[in-house]
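Novice: need the 3D shape of this:
(one chain, ligands or ions: 4)
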Amino acid sequence: MSYQAEYIWIDGTEPSPLVRSKTRIVADGKHPGIWGFDGSSTNQATGNDSDCVLQPVFTCPDPLRSPGDVLVMCEVLLTDFTPHPTNTRAACVAAAEKYADQEPWFGIEQEYTFLQGGRPLGWPTQGYPAPQGPYYCGVGGDKMPGRDIVERHTAACMEAGLGIEGTNAEVMMAQWEFQIGVLPPPLIGDHLWVARWLLFRVAEDFGVFATLDPKPVLGDWNGAGAHTNFSTKAMREDGGWDAIIAGCEALGRNIDEHVSNYGVGLDLRLTGAHETEHWSKFSYGASDRGASIRIPWGTAKDKKGWLEDRRPNANMDPYVVSRLMLTTVCADAAK
Ligand code: ADP
Ligand code: MN
Ligand code: MN
Ligand code: MN
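Specialist: Ligands and ions are numbered 1, 2, ... in the order given. Next up, the predicted model:
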């Protein structure tokens, strides 16, 4: 029987790209091949030269449809089959190939917020809920709106075979997190973008909008980040400490390139409060949740492991962030 393939891609919306998708019915026994779309409707082309190409790069089972249906993550190409200017994956692939010998791994903690009617889910229509404190990893009563959506999303990611590792409720009411990893580039980006698509799609069924807005509520409420955990083979091996410190130092020499590519609105979130370092400063330290880079306690104890870049926003592009990690940390180690 023919089956459904949902083609997923990243668009050209400014300042923060959106994820888009459309459905193709594929004949029995055929693979989902190259396809196209109208780039003039996604800020990726002009009306008089509107065709963009969808190049499938990652396919997994579609947990929301029937057995045999698939999700297809795509790169966007121009009609001459070169990468479209909005295609961030192609450069990530090039860096991944260049530094493959260092065996880079990533784990990303994706935070997000559920909205309904423009307000965080479950918040009173006027005023605010009780201050932050009980919500992080909380349970019970009307404190934890959205858990039914989280449960459905987690099951969907598992059925799709994505590298989902866990979930937790976050510090702000209606804010949650899932983690994806550990995966090499560009797979970390493929899995995270498909997991994001599933989140948006599952939330639709509940009449809820899941946003990656890094600071959905101004004031004394935590923002939403995408902590990026990173290691190389040298960092994971005995005596990896020196490689971890060298990585932190390399990141400290390249602050601007990173913070200007870590998601729109970084300055709203990295204020120096709410478990962040100020976006204009750089620091690293063991177990320090007020630092730019945190070295997890287990890593500090074992003198090997990984580092956590706490700066990326929830709305960051994992193809961009993973590429920068390679071109800063792996390039320095290769010197
Ligand atoms: P916390 O909330 O305490 O910062 P989490 O448990 O949410 O930590 O996330 C830890 C992340 O670290 C996971 O995404 C996991 O994949 C990642 N991680 C674990 N080991 C490694 C490693 N060796 N290299 C890179 N990332 C790692
Ligand atoms: Mn976490
Ligand atoms: Mn978190
Ligand atoms: Mn973290």
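Novice: which helix or which strand is home to the closest residue to ligand 1 within the chain?
Specialist: Closest residue of the chain to ligand 1, C-beta to the nearest ligand atom: residue 107 (2.0 Å). For glycine as for every other residue, the C-beta is placed from the backbone atoms N, C-alpha and C. Using DSSP states H and E, residue 107 maps to strand 105-116.
Novice: angle of the helix ranked longest in the chain against strand 105-116?
Specialist: Assignment by DSSP state H gives helix 187-204 as the longest helix of the chain. Orientation note: helix 187-204 sits at an angle of 20 degrees relative to strand 105-116 (axes from the mean of the first three to the mean of the last three C-alpha atoms, to 10 degrees).
Novice: which strands and helices lie in contact with the helix or strand following helix 187-204?
Specialist: Note on helix 187-204: by DSSP H and E, the next helix or strand toward the C-terminus is strand 209-211. The contact analysis (3 or more C-beta pairs under 8 Å, 6 or more residues apart in numbering; DSSP states H and E) places strand 209-211 against strand 105-116, helix 187-204.
Novice: give me the contact list for the very next helix or strand once past strand 209-211.
Specialist: Proceeding N to C from strand 209-211, the next assigned helix or strand is strand 226-231, under DSSP H and E. Under the contact criterion C-beta atoms under 8 Å, 6 or more residues apart in numbering, strand 226-231 has outside partners 104-111, 181-182, 240, 244, 247, 263, 305-310, 312-316, 318, 321-322, 325, 329.
Novice: if we use 7 Å, what do you get?
Specialist: 104-111, 181, 305-310, 312-314, 316, 321, 325 (C-beta atoms under 7 Å, 6 or more residues apart in numbering).
Novice: so what strands line up beside that strand?
Specialist: strand 105-116 (antiparallel), strand 307-309 (antiparallel) (DSSP bridges).
Novice: tabulate those strands (CSV), appending distance to residue 236, mean neighbour count and mean pLDDT.
Specialist: Converted to CSV, those look like this (distance: least, C-beta to C-beta, whole Å; neighbours: other C-beta atoms under 10 Å; pLDDT from 0 to 100):
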stretch, distance to residue 236, mean neighbour count, mean pLDDT
strand 105-116, 8, 23, 98
strand 307-309, 11, 23, 98
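Novice: pull the distance from the strand holding residue 107 to the chain's centre.
Specialist: 6 Å (C-alpha atoms, centre = their mean, to the nearest Å).
Novice: ok, stretch 314-331 next?
Specialist: On C-alpha atoms, centre = their mean, the centre of stretch 314-331 falls 11 Å from that of its chain.
Novice: can you give me the end-to-end span of it?
Specialist: With C-alpha to C-alpha, to the nearest Å as the measure, stretch 314-331 spans 26 Å from end to end.
Novice: pull out the buried residues from that stretch.
Specialist: 314-330 (16 or more other C-beta atoms under 10 Å).
Novice: now, these that are in helices?
Specialist: With DSSP H as the criterion, helices contain 318-325 from among the buried residues of stretch 314-331.
Novice: residue 279: what's it in contact with?
Specialist: By C-beta under 7 Å, 6+ apart, the residues touching residue 279 are 259, 266-267, 270.
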